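[1] missing the sequence, but the structure's below:
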């Protein structure tokens, strides 16, 4: 029920699926960039349209102004000829040119002219009309001086219209350039703003998307470290929440399996120890001859029963210890640890056993700090040094060496014992394996010490191995020199 409530409270914040969340995030990041692109396209189209309109208007104005200049030149020439010789044919030509001038001036007046250009055009039209009226036959013979004066003003005004049209074209080009620069500045500003918004949205979405992924990663680490107490919840889209529910189901299932395993081990321990205790008590009574004197052959049989019952009890206890060690290897309490100090403590703990066999233990350790679980690393070293003391003959030498090699720290335990045969170098780390040395009876064991050492070493992200080609026993433990988070990941 709690999971359903959690989903209901978060359903408004997330899409239904993780794919939908990714698509929504992509659209949200792309939205400001898309807006900037549309704004740029709109302004570009607008600027293009203004440029096209300005260029067409300037071209028409220039073309009409040149046509106006050409026609005023014809009017000036015909008016001067009429002032000298009033020929009817010249009058007809003047009337035709005058009509063309009126048409061109009308077309020019319809263009979007500024005030200066329009004033010049109006003066030109006025002077042309006065000149035409001056040479009109109905008013008598034209005055040559007046005609020459009006013709000169007409030409000057026409050229002024042409010059003004060029000036207006130049101004239009400058105006378009200024508009383009303004649009360019706006677009740069919009791109910067849109990029900043997109980056901010991307960062926010990264945190939103990464939150359920981090929760899933934390849940997997929690399960890997055998922490089955805390409930697993994953926020986010429905499919990720469903995955969180499956992980929580897995947590509950692992809790049940762990409880069943512990219950089985407790029952196994109780069911084996109870008859074994009775067996040991009976053999002790027989060995003490409480039930009557025993013959020598009978004493041998009782001794065999007694020794093997003790050995069986030790095997049961070490089996339980091995199971507890496997469980402990899944969870490391990592912290900075002085490796040389830990090795010194381990060597001192084995000095008495070594002195009893007239052995020497030498320690050669560099000052090193590793990130490790002190208890489990001490167990690894104790197993190796204890085996060296066990298998090294009297008067032998045991060397414990610690060095830093690149990104790793190495611990080497070297003894002058018989060593490990080549065919046993891999199998020796298996549980309950006993090699030829153990089978010969010179040094008995259950074959669990090195198996536990390997489990603890691999939990630290390292490796343990037998060095090939060495005289005597030579074991090497390699531990990575890395920080606690990476070490926890390796575990």
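    Perfect, thanks for sending it. Computed from a prediction, not measured in an experiment: that's the story for all the values here. Numbers count the residues shown, from 1 in each chain.

[2] Need the single longest helix in the protein, by residues.
    Ranked by number of residues, the top helix in the chain under DSSP state H is helix 144-224.

[3] I'd like the next helix or strand past that helix.
    Next in sequence after helix 144-224, counting helices and strands by DSSP states H and E, comes helix 238-287.

[4] Tell me what angle that following helix forms with helix 144-224.
    Helix 238-287 runs at 20 degrees relative to helix 144-224, counting by axes from the mean of the first three to the mean of the last three CA atoms, to 10 degrees.

[5] which secondary structure elements does helix 238-287 contact?
    Counting contacts by 3 or more CB pairs under 8 Å, 6 or more residues apart in numbering; DSSP states H and E, helix 238-287 is packed against helix 2-10, helix 144-224, helix 296-329. C-beta coordinates here come from the backbone N, C-alpha and C atoms, glycine included.

[6] what's the distance between it and the middle of its chain?
    Relative to the centre of its chain, helix 238-287 is centred 42 Å away, using CA atoms, centre = their mean, to the nearest Å.

[7] Likewise for stretch 405-418?
    Per CA atoms, centre = their mean, the displacement of stretch 405-418 from the mean C-alpha position of its chain is 39 Å.

[8] Please apply the same query to stretch 354-363.
    55 Å.

[9] Please point out which parts of it sit buried.
    For stretch 354-363, burial by neighbour count (16 or more other CB atoms under 10 Å) applies to 354, 359, 361, 363.

[10] for the record, mean pLDDT for stretch 173-189?
    Mean per-residue pLDDT for stretch 173-189: 78.

[11] What are the buried residues along that stretch?
    Residues of stretch 173-189 classed as buried by neighbour count (16+ other CB under 10 Å): 179, 183, 187.

[12] what's the answer for stretch 119-133, then?
    Neighbour-count burial for stretch 119-133, counted by 16+ other CB under 10 Å, picks out 120-121, 123-125, 127-129, 131-132.

[13] Out of the residues you listed, the closest to residue 236 would be?
    Distance to residue 236, by CB to CB, is smallest for residue 121 among the buried residues of stretch 119-133, at 73.8 Å.

[14] Pretty sure the closest one sits against residue 105.
    Yes - the criterion here is CB atoms under 8 Å, and residue 121 meets it with residue 105 at 6.6 Å.

[15] Over to the nearest residue to residue 416 once chain neighbours are set aside: give its phi and psi.
    Using CB to CB, 6 or more residues apart in numbering and skipping the chain neighbours, the partner closest in space to residue 416 is residue 396 (4.2 Å). Per-residue torsions, residue 396: phi -80, psi 180 (degrees, to the nearest 10).

[16] residues in contact with residue 396?
    357, 359-360, 415-417 (CB atoms under 8 Å, 6 or more residues apart in numbering).

[17] same deal with residue 388?
    Residues near residue 388 by CB under 8 Å, 6+ apart: 398, 413-415, 417, 473.

[18] Can you give me the domain boundaries for the chain?
    Domain assignment for the chain by automatic domain parsing gives 21-199, 257-328, 332-490.

[19] among these, which is nearest residue 241?
    Residue 241 lies closest to domain 21-199 among those, at 11.8 Å (CB to CB).

[20] Off-centre distance for the closest one?
    Centre-to-centre, domain 21-199 and its host chain are 61 Å apart (CA atoms, centre = their mean).

[21] so how far does that domain reach from one end to the other?
    17 Å (CA to CA, to the nearest Å).

[22] same thing with stretch 333-344?
    Stretch 333-344 has an end-to-end distance of 21 Å (CA to CA).

[23] List the buried residues of it.
    Within stretch 333-344, the residues scored as buried using 16+ other CB under 10 Å are 334, 337, 339, 342-343.

[24] try stretch 85-99
    For stretch 85-99, the neighbour count (16+ other CB under 10 Å) marks 90-91, 93-94, 97-98 as buried.

[25] name the element residue 451 belongs to?
    According to DSSP H and E, residue 451 maps onto helix 449-459.

[26] do the same with residue 337
    strand 335-338.

[27] go on, residue 59?
    helix 18-84.

[28] I'd like the distance from that helix to the chain centre, please.
    On the basis of CA atoms, centre = their mean, the separation between the geometric centre of helix 18-84 and that of its chain is 47 Å.

[29] quick one, that helix and helix 238-287 angle?
    Using the same axes, to 10 degrees: helix 18-84 against helix 238-287 is 160 degrees.

[30] Next SSE downstream of helix 18-84?
    helix 88-109.

[31] residues in contact with that next one?
    Residues contacting helix 88-109 (CB under 8 Å, 6+ apart): 61, 64-65, 67-68, 71-72, 74-75, 78-79, 81-82, 118, 121, 124-125, 128, 132, 135, 137, 161.
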